[in-house]
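K.L.:
prediction below, plus the sequence it came from.
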Amino acid sequence: MAGIDDLIDELERSHAEAQERMSDPSIFSDHRTAADAGRKLKELEGPYKLSQEWRQARADLDDARADADLREMVPGLEEQVDSLEEELKLALVERDPADAKDVIVEIRQGVGGDEAAIWAGDLFRMLTRYAERSGYRFEVLGSSPSEAGGFKDVTFAVKGDAAFSRFKWEGGTHRVQRVPETESQGRIHTSTATVAVMPEAEEVEVEIDPNELKIDVYRSTGPGGQSVNTTDSAVRITHLPTGVVVAMQDEKSQLQNKAKALRVLRARLFELERRRQEEELSAQRRSQIGGGERSEKVRTYNFAENRVTDHRIKLTVHQLERVLDGELAEFTDALTAESRRRALETAAFA
């Protein structure tokens, strides 16, 4: 178990090395190496600043203990040192390297027929409103609208600082309990939609061999199967080694649909590799709050009770309309805090 002094010594060494690396002109000849070095230095800036504040507070505390005239300051300084120490430990908990990335989100209707598609549309609005509230930009990559409203499936990208760290908690099955507009008897139905949240991978992170792709083109279709345009602009890409299939048809250009399909394919392959690595890190996996799997029930939205419950942390709020309008920060912050608390428990210095 490392003491706080050892941790700070190690942190200061790492920060000095990261600064030295960034000042080396040779790293900028390789885009990926330069990006990694910059990301590493940025990650260390916050903890390093805290470590310097801790050193100063600790020095002030030592001075106060040694000087009778300053003795009354000791309790306050002890509290400050303890608080900074706790902040520093939390800041040093190993973060998911993907947290800083942009994301690609896929929403699909689950059980419940037309009502599930309508619910998928509601989730799309909720998550894109959340993106806007967070100061992020979103871009729809592809969708299959349902005749009854909503979507059979919809895929969109979210760009912004640390988007994955905020959106990753939305992955899983979202369940709604409400009376559908089509229900004449006023009975409450339960429907679901699934959400997959994947870090958007850069091209240098996931190299795709064109020889391992099967690319089909066809005419795009709208709700009910009617042809939307008369050219073969829709694209379906199959990654032969993994069997992953991505189809895009929203753009009128085959090239644009292919480019979007490759973005989603790259994200899915990146996520597959992340999952494989997490399987190997069993201790880390145990400390996670859910794995973001589509099959995992993460939240229930009950209209009759104006209630939203997150099952992973047993958090319930009675502000359903606000949540559906994208006010998800309360859930995100609580899930992030619980995740860091669990990670802290398993860290070497806990």
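P.N.:
The structure has been received and is ready for your questions.
K.L.:
quick one: list the elements packing against the helix or strand harbouring residue 334.
P.N.:
Element membership for residue 334, per DSSP states H and E: helix 329-346. Counting by 3 or more C-beta pairs under 8 Å, 6 or more residues apart in numbering; DSSP states H and E, the packing neighbours recorded for helix 329-346 are helix 74-92, helix 282-287, strand 307-310, strand 315-317. Bear in mind the C-beta positions are built from the backbone N, C-alpha and C, glycine included.
K.L.:
after the last one, which helix or strand is next? Please name it.
P.N.:
Taking DSSP H and E as the definition, the helix or strand that follows strand 315-317 towards the C-terminus is helix 320-324.
K.L.:
one step back: report the buried residues of the helix holding residue 334.
P.N.:
331, 332, 334, 335, 336, 339, 340, 343, 344 (16 or more other C-beta atoms under 10 Å).
K.L.:
which residues touch residue 188?
P.N.:
Counting by C-beta atoms under 8 Å, 6 or more residues apart in numbering, residue 188 touches 177, 178, 179, 303, 304.
K.L.:
top of these by number of neighbours, please.
P.N.:
Tallying neighbours with other C-beta atoms under 10 Å puts residue 178 at the head of the contacts of residue 188, with 19 neighbours.
K.L.:
what about the helix or strand hosting residue 246, distance to the chain center?
P.N.:
Applying DSSP H and E as the criterion places residue 246 in strand 244-248. The gap between where strand 244-248 is centred and where its chain is centred comes out at 21 Å by C-alpha atoms, centre = their mean, to the nearest Å.
K.L.:
now do the following helix or strand past that strand: which elements does it pack against?
P.N.:
Using DSSP H and E, the next helix or strand after strand 244-248 towards the C-terminus is helix 254-280. On a contact count with 3+ C-beta pairs under 8 Å, 6+ apart, helix 254-280 meets strand 103-109, strand 137-145, strand 189-199, strand 234-239, strand 244-248, helix 282-287.
K.L.:
any idea which of those is most buried?
P.N.:
strand 103-109 (a mean of 25; mean count of other C-beta atoms under 10 Å).
K.L.:
what number of residues lie near residue 57?
P.N.:
By other C-beta under 10 Å, neighbour count at residue 57 equals 19.
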